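> sharing a sequence plus its predicted fold:
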Amino acid sequence: MATPMEFIKANELDWQPSLNADLSDGLHGYRGALIVEAGKQISPDRKLPPKIQAKQVIMISKDEKIKFFSCELESFHHFKPMMEKYGQFFDADSLVLLYVTDLDANGTFEYKDVTITAIMLDESSVWNELLEVASLDKSDMKAYKKAEEKIEKLYEELLDSDVKETPRTYDEMCSFIGESSKQLMGAV
């Protein structure tokens, strides 16, 4: 079986990565987006942006498994296609935190033996949300010069953090799909 990054590279699923590097103790770190559903191929060397993507991905993997995964999903409807594409790399030990812009409630649920915590995201970034969950602030991270050190520190702190929300079922989570609450920043 391939590692998550071997699978991602072989299938051209990475999108605008800002970090793709080996960490300590055999861990691998990735930051960027991952394609869930590719955009239309309009010529041999040109493709439209992805139809569905996991944005702001922060992923730590080791060997064939994803140890930690967090991202922004524009809709909870994108969860199932994401798991169809990447689910083979998750197991019962994976720490998965999803930030979803169209959820009206938070929850922790089981999906194919993987515990998933889904949290409403409105104006913040996944990185800032994770710093808060890990009880870190930006000044804590300034002590680390390399992106690899920062992502590893965040991961270490999250392992000791309480990330669980109200226990729910997958079907209950689907019932909380509402309108996107994310506020667009910048010029309109």
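Cool, got the structure. Numbering: from 1, shown residues only.
> can you give me the helices in this structure?
4-10, 79-86, 126-133, 138-141, 147-159, 170-175 (DSSP state H).
> redo those helices as TSV? Include distance to Asp25, mean pLDDT and mean neighbour count.
The way it works is simple: take the backbone N, C-alpha and C, and place the C-beta from them, glycine included. Formatted as TSV, the helices of the chain follow (distance: least, C-beta to C-beta, whole Å; pLDDT from 0 to 100; neighbours: other C-beta atoms under 10 Å):
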stretch	distance to Asp25	mean pLDDT	mean neighbour count
helix 4-10	16	96	17
helix 79-86	22	97	17
helix 126-133	20	94	18
helix 138-141	20	84	12
helix 147-159	9	95	18
helix 170-175	33	97	14
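> got CSV for those helices, with distance to Leu48 too?
Below are these laid out as CSV (distance: least, C-beta to C-beta, whole Å):
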stretch, distance to Leu48
helix 4-10, 19
helix 79-86, 17
helix 126-133, 24
helix 138-141, 35
helix 147-159, 29
helix 170-175, 28
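> which one of the ones you listed lies closest to Val57?
helix 126-133 (7.9 Å; C-beta to C-beta).
> now do that closest one: distance to the chain's middle.
Here the centre of helix 126-133 is set off from its chain's centre by 12 Å, with C-alpha atoms, centre = their mean, to the nearest Å.
> over to stretch 135-155?
18 Å.
> worst-scoring helix or strand of the chain, pLDDT-wise?
helix 138-141 (a mean of 84; mean pLDDT, DSSP states H and E).
> mind listing residues that contact it?
By C-beta atoms under 8 Å, 6 or more residues apart in numbering, the surrounding residues in contact with helix 138-141 are Leu131, Lys150, Lys153, Leu154.
> could you redo the last one with a cut-off of 10 Å?
Trp127, Asn128, Leu131, Ala134, Glu149, Lys150, Ile151, Lys153, Leu154, Glu157 (C-beta atoms under 10 Å, 6 or more residues apart in numbering).
> which one of the helices of the chain lies closest to Gly29?
Per C-beta to C-beta, nearest to Gly29 of the helices of the chain: helix 147-159, 4.5 Å.
> okay, that closest one in CSV with CA atoms only?
Below are the C-alpha coordinates for helix 147-159, written out as CSV (Å, rounded to 0.1, in the frame of the first residue of the first chain):
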residue,chain,number,x,y,z
ALA,A,147,7.3,25.4,9.1
GLU,A,148,8.1,21.8,9.8
GLU,A,149,8.8,22.6,13.5
LYS,A,150,5.5,24.6,13.8
ILE,A,151,3.3,21.9,12.3
GLU,A,152,5.0,19.3,14.5
LYS,A,153,4.6,21.4,17.7
LEU,A,154,0.9,21.9,16.9
TYR,A,155,0.4,18.2,16.3
GLU,A,156,2.1,17.3,19.6
GLU,A,157,-0.1,19.7,21.5
LEU,A,158,-3.3,18.5,19.8
LEU,A,159,-2.6,14.9,20.9
